[in-house]
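*Asks:* I'd like to go over a predicted model; first the sequence, then the structure.
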Amino acid sequence: MTTVLAPVEGAAVGLAAVPDPVFSAGMVGPGTAIDPLRGPGKAVAPIAGKIMKLHPHAYVIVGDDGKGVLVHLGIDTVQLKGQGFQLLAAEGDRVSAGQPVVAWDPAAIEAGGRSPVCPVVALDALSESVTEVVEGAVHVGDELFQWE
């Protein structure tokens, strides 16, 4: 069982609330999404493991059990080409759960006309393997969901 932690502070709203059909339909995988607090902050590792992919707007951490979790900071933020994001770790780094990975400002993302909602997805997981999904207010490092 893997406990996936909230990478950002805000409100857990579920994948259906993500304004992107690829995420909202669960095509990337099951999980949830967080509507982040508006203000500068740091997105942290939702699990302990190795950073397998790191872009300014998204990252994937794979645990020792082979489970990978994607954190996507906002929707269509790839178009920003890294503007407004600061990497605090490097691809290939080992991180502990709760360790800061990217600094960003959701309010700036929203001001640019994009959604700052953050999908947190269990990659290559069966939907029934993700349980105890939290709804409502979450703080960085709170339990977000369980992955069996």
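*Replies:* That came through, no problem.
*Asks:* From now on I want contacts and neighbour counts done on CA atoms only, so please keep to that.
*Replies:* Fine.
*Asks:* longest helix anywhere in this structure?
*Replies:* helix 106-111 (DSSP state H).
*Asks:* What lies in contact with the helix or strand following that one?
*Replies:* Next helix or strand after helix 106-111 toward the C-terminus (DSSP states H and E): strand 118-122. Strand 118-122 is contacted from outside by 15, 18, 23, 28-36, 67-75, 130, 147, using CA atoms under 8 Å, 6 or more residues apart in numbering.
*Asks:* buried subset of those?
*Replies:* Buried members of these, scored by 16 or more other CA atoms under 10 Å, are 15, 18, 23, 28-36, 67-75, 130, 147.
*Asks:* Who are the contact partners of Ala16?
*Replies:* 23-25.
*Asks:* for those, which one is nearest Val134?
*Replies:* The closest of the contacts of Ala16 to Val134 turns out to be Ser24 (CA to CA; 16.5 Å).
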